[in-house]
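> This is a predicted model, with the sequence first.
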Amino acid sequence: MVKMGKDYYDILGIKKDASEDDIKKAYRKQALRYHPDKNKSPGAEDKFKEIAEAYDVLSDPKKKDIYDRFGEEGLKGGGPSSGGAGGPGTFSYTFQGDPHAIFAEFFGGRNPFEQFFGGRNGDMDEDMETDPFTRFGMGGMGGSGMGGFPRSFSTGMGGMGGMGGMGGMGGMGGRSSSLTRQQDPPVVHNLRVTLEEVFSGCTKKMKISHKRLNPDRRTTRTEDKILEVEIKRGWKEGTKITFPKEGDETPTNIPADVVFVLKDKPHLVFRRDGSDIIYPAKVSLRDALCGSTVNAPTLDGRTVTVTTKDVVRPGMKRRINGEGLPLPKSPDRRGDLVVEYEVKFPERLSQSARETIAQVLPPT
């Protein structure tokens, strides 16, 4: 007669002919009842671990088959039948999983009490006959899909989003004891820089606050961290700088990447066009007609003189090569400074001025 050792079915409160769905429902009920955050009685932690071990075995078809035939001793390779004919052979099982990780994988978060009821644990019945998932339309989580569970809750429940249907749960029928985690979406911040900073290059120090796991791997603390963002010469607006996994860390997620996106600060003098900089130069109507000289400033503090004897039309441009921003891929080369003319027309003219202009300018 096979010695059963631990009765995993009794631990979960089910019969030996229980279905896969019955096993899941039983684990959900017992795990919620004895979770240390809910149950403060002596021995609750040990019972919680025992429930996790029972579920770890009975939810895995291979382990369950060996356990049903040879009991706990045969499952763990210690019984007299482990080497006999028809025995489990070289199979040897030891529960090394984290019961809290199994709980988190099943529920998609380590604290469903807080998640569904705002942390008011006392509002829940001790037997947990009506569990939070049933209340939100998951219907028992035993089917092949997520049932009526709202997408808005699914995306906000840590590991829940990556389980791909409750019939699987990373192989829930043949599930490994490791926790399947997904990385949170990137956390994106705009980083505003001046044209002078892009021209010379600089280092920005950005202070962030993020959550980090404590040594118990269950609770979190908030930490401040300084991220140094090196702005390369000539970088274009929209350039992204990524700091991997600097987002909040929880027991059930992979921290998000923190991404800084370069944005130009408005400049008092220039506009930017890629690696070119545009200087709007205002000239009088007289200078536009008779010839003009513009002293155009540069980003490095110099002045470039631009003279033209041609008639200046509104919107006309003059390009000074090599006086713009460094090229991102070749910072030893530079774009251009573009002088964009704006003609200032007088608001009024005297009668004599009108007559003089009429005599000098052609009618067409």
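Sure, I can see it.

> contacts, neighbours, all on C-alpha from now
Noted.

> Please, where are all the strands along the stretch 101-250 of the chain?
Along the stretch 101-250 of the chain, the stretches classed as strands by DSSP state E, counting those that start in this stretch are 182-183, 187-193, 202-213, 220-231, 240-243.

> Check which helices and strands the second one is in contact with.
In this case it means strand 187-193. strand 258-264 (3 or more Cα pairs under 8 Å, 6 or more residues apart in numbering; DSSP states H and E).

> quick one, what contacts the residue nearest to Pro297 when sequence neighbours are not counted?
Leaving aside its sequence neighbours, Pro297 sits nearest to Thr303 (Cα to Cα, 6 or more residues apart in numbering; 4.4 Å). Neighbouring residues of Thr303 by Cα atoms under 8 Å, 6 or more residues apart in numbering: 295-297.

> at 10 Å what do you get?
Residues in contact with Thr303 (Cα atoms under 10 Å, 6 or more residues apart in numbering) are 294-297.

> for Thr305, same thing?
Applying Cα under 10 Å, 6+ apart, the residues near Thr305 are 293-297, 320.

> Would you agree it falls within a strand?
Yes - applying DSSP: H, G, I helix; E, B strand; the rest coil, one finds Thr305 inside a strand.

> and it, what pLDDT?
Per-residue pLDDT puts Thr305 at 94.

> What of the one 10 residues further on?
Residue-level confidence at Gly315 comes out at 87, pLDDT.

> three-state assignment of the spatially closest residue to it that is not a sequence neighbour?
Setting aside the residues directly before and after it, Gly315 is nearest to Tyr341 in space (Cα to Cα, 6+ apart), at 5.4 Å. Following three-state DSSP, the label given to Tyr341 is strand.

> Go through the strands of the stretch 101-250 of the chain and name the closest to Lys40.
Smallest distance to Lys40 across those (Cα to Cα): 20.9 Å, for strand 220-231.

> Pull out the buried residues from that closest one.
220, 229, 231 (16 or more other Cα atoms under 10 Å).

> Which neighbouring elements make contact with it?
helix 195-200, strand 202-213, strand 240-243, strand 258-264 (3 or more Cα pairs under 10 Å, 6 or more residues apart in numbering; DSSP states H and E).

> now with 8 Å?
With 3+ Cα pairs under 8 Å, 6+ apart as the test, strand 220-231 has strand 202-213 packed against it.

> quick one: strands adjacent to the strand it packs on?
Strand 202-213 sits in its sheet next to strand 220-231 (antiparallel), going by DSSP bridges.

> Just the mean pLDDT for the strand it pairs with, thanks.
93.

> how big is the angle separating that strand from strand 258-264?
40 degrees (axes from the mean of the first three to the mean of the last three Cα atoms, to 10 degrees).

> can you pull the contacts of the residue lying closest to Lys282 once chain neighbours are set aside?
Leaving aside its chain neighbours, Lys282 sits nearest to Glu342 (4.7 Å; criterion: Cα to Cα, 6+ apart). Residues counted as contacts of Glu342 (Cα under 8 Å, 6+ apart) are 280-283, 314-316.

> And Asp224, by the same measure?
Asp224 neighbours (Cα under 8 Å, 6+ apart): 207-210.

> go again using 6 Å as the cut-off
208-209 (Cα atoms under 6 Å, 6 or more residues apart in numbering).

> beta partners of it?
Asp224 has these beta-bridge partners by DSSP bridges: Ser209.

> Tell me the one among the buried residues of strand 220-231 nearest to Ala104.
When those are compared for distance to Ala104 (Cα to Cα), Thr220 wins out at 15.1 Å.

> hang on, isn't the closest one packed against Asp248?
No - the criterion here is Cα atoms under 6 Å, and Thr220 misses it with Asp248 at 9.3 Å.

> for the stretch 101-250 of the chain, what are the low-confidence residue spans?
Along the stretch 101-250 of the chain, segments meeting pLDDT under 70 span 108-180.

> give me that answer again for 80
104-105, 107-181 (pLDDT under 80).

> so where do the strands sit in the stretch 251-364 of the chain?
253-254, 258-264, 271-273, 276-284, 292-297, 303-308, 317-320, 337-344.

> any idea of the mean pLDDT in the third one?
Looking back up the chat, that one is strand 271-273. 94.

> could you dump the strands of the stretch 251-364 of the chain to a markdown table with distance to Ser92?
A markdown table is the format used below for the strands of the stretch 251-364 of the chain (distance: least, Cα to Cα, whole Å):
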| stretch | distance to Ser92 |
| --- | --- |
| strand 253-254 | 31 |
| strand 258-264 | 43 |
| strand 271-273 | 68 |
| strand 276-284 | 69 |
| strand 292-297 | 79 |
| strand 303-308 | 81 |
| strand 317-320 | 78 |
| strand 337-344 | 75 |
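
> Show me the helices in the protein, by range?
Counting by DSSP state H, the chain has helices at residues 8-12, 20-34, 44-58, 61-75, 99-107, 112-117, 132-135, 151-154, 195-200, 285-290, 351-360.

> Would you indicate which residues of the last one are buried?
Using 16+ other Cα under 10 Å as the burial criterion, none of the residues of helix 351-360 qualify.

> picking that back up, from Asn321, how far out is the residue nearest to Pro297?
14 Å (Cα to Cα, to the nearest Å).

> now Thr242, nearest residue through space, not along the chain?
Going by Cα to Cα, 6+ apart, Thr242 has Val259 as its nearest residue, at 4.4 Å.

> could you list every residue that touches the one you found?
The neighbourhood of Val259, defined by Cα under 6 Å, 6+ apart, consists of 187-188, 241-242.
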